[in-house]
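> I'd like to go over a predicted model; first the sequence, then the structure.
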Amino acid sequence: MKKEDEKLKNLFFSTEQTETNKPRVDCPAPEELARFFDPEVSLDLKENIVDHLIRCPACQQEFELLRLAENLVTEIDAQLLKPKKSCWQKLRSLFPSAPFLKQAGITLAAIMVIFSLFYFLNLNGRKSQQVERNSREANDLMMSEEISQTPLVEISLKWQPVQEALFYQVEVFNHNMYLVWQSSPVTDTLIRLPKEISDNLKTNSHFFWQILIYCPGERIIESPVRKVKLGHQ
């Protein structure tokens, strides 16, 4: 299996993605992501795209849509280019321009796929912008950690209360930004990580965490993602 294919397999099947609407910051355009499927593109460019996808959940959504669209177009081509069956041969005698109709059908199907793809990309883009606006509302949120190294590693996370919050959820990510733990909804502003999570995190030099703030009107505000360095490294 090629190196970039192995990375993609690990990216889409190794962990559960629980948050889908992440902000896009300094991300490549969808057209750049689509170059991954161009057989003439260099391996270095493909590896750069894969490396970016590992760090960017928003681009993972767009890349998955592009991948599905590529597979769909390939499947349509395969179906339309199959050898003609006997019933189709009879129809060809009635329609001398069958090759033209076949090409027109392929073109129309491709246009529909592209239109649908960019519709969903645009929809996801609007959602990402909404998440970014919500994130800005929490930029001034004070977040801190208490880490005890002896005798056992204990990690506590705390933050200042938000007046309009109904409840909070805490998400913890490992050093590769994979989600490793999510709390149940809480109203307190202090939470202690389970022992097995703390033990897992301590094997690396740092981890990340974030707060989801649930407000009236089904509004969710995301805090900034906070990086925490572990002092024993």
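Thanks, I have it. Numbering: from 1, shown residues only.

> tell me if I'm right that residue 199 and residue 180 touch.
No - counting by Cβ atoms under 8 Å, residue 199 stays clear of residue 180, with 11.4 Å between them. Where you see a C-beta, it was placed from the backbone N, CA and C, and this is true even at glycine.

> neighbour count for those two, which is higher?
More crowded of residue 199 and residue 180, by other Cβ atoms under 10 Å: residue 180, with 17 against 13.

> list the neighbouring strands of the top strand by length along the chain plus their orientation.
For the chain, the longest strand by residue count, based on DSSP state E, is strand 206-215. Applying DSSP bridges, strand 206-215 is found paired with strand 167-173 (antiparallel), strand 219-222 (antiparallel), strand 226-229 (antiparallel).

> redo these as TSV? Include mean neighbour count.
TSV is the format used below for these (neighbours: other Cβ atoms under 10 Å):
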stretch	mean neighbour count
strand 167-173	19
strand 219-222	18
strand 226-229	14
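
> in TSV, list those along with mean pLDDT.
What follows is the strands paired with strand 206-215, written out as TSV (pLDDT from 0 to 100):
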stretch	mean pLDDT
strand 167-173	96
strand 219-222	90
strand 226-229	92
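
> Throw the ones you listed into a markdown table and include distance to residue 190, thanks.
Shown next, in a markdown table, are the strands paired with strand 206-215 (distance: least, Cβ to Cβ, whole Å):
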| stretch | distance to residue 190 |
| --- | --- |
| strand 167-173 | 10 |
| strand 219-222 | 19 |
| strand 226-229 | 15 |
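
> tell me which of these lies nearest to residue 46.
Among the strands paired with strand 206-215, the nearest to residue 46 by Cβ to Cβ is strand 167-173 (25.4 Å).

> hey, where'd the strands end up in the protein?
Under DSSP E, the chain gives strands at 143-148, 154-159, 167-173, 179-182, 190-192, 206-215, 219-222, 226-229.

> for the second one, packing partners?
On a contact count with 3 or more Cβ pairs under 8 Å, 6 or more residues apart in numbering; DSSP states H and E, strand 154-159 meets strand 143-148, strand 167-173, strand 190-192, helix 195-201.

> neighbouring strands - and their directions - for the first one?
The reference is to strand 143-148. Take DSSP bridges as the rule and strand 143-148 pairs in its sheet with strand 154-159 (antiparallel).

> buried stuff in the partner strand?
Within strand 154-159, the residues scored as buried using 16 or more other Cβ atoms under 10 Å are 155, 157, 159.

> can I get it as PDB, trimmed to CA atoms?
The C-alpha coordinates for strand 154-159 follow below in PDB (Å, rounded to 0.1, in the frame of the first residue of the first chain):
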ATOM      1  CA  GLU A 154      -3.700  13.700  38.500                       C
ATOM      2  CA  ILE A 155      -5.000  16.300  36.000                       C
ATOM      3  CA  SER A 156      -7.700  18.700  36.800                       C
ATOM      4  CA  LEU A 157      -9.200  21.200  34.400                       C
ATOM      5  CA  LYS A 158     -11.000  24.400  35.400                       C
ATOM      6  CA  TRP A 159     -12.400  27.500  33.800                       C
END
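
> give the rounded mean pLDDT of it.
Here strand 154-159 scores 94 as its mean pLDDT.

> can you say which of the helices and strands packed on strand 154-159 is nearest to residue 107?
Across the helices and strands packed on strand 154-159, residue 107 has its closest neighbour in strand 167-173 (44.0 Å, Cβ to Cβ).
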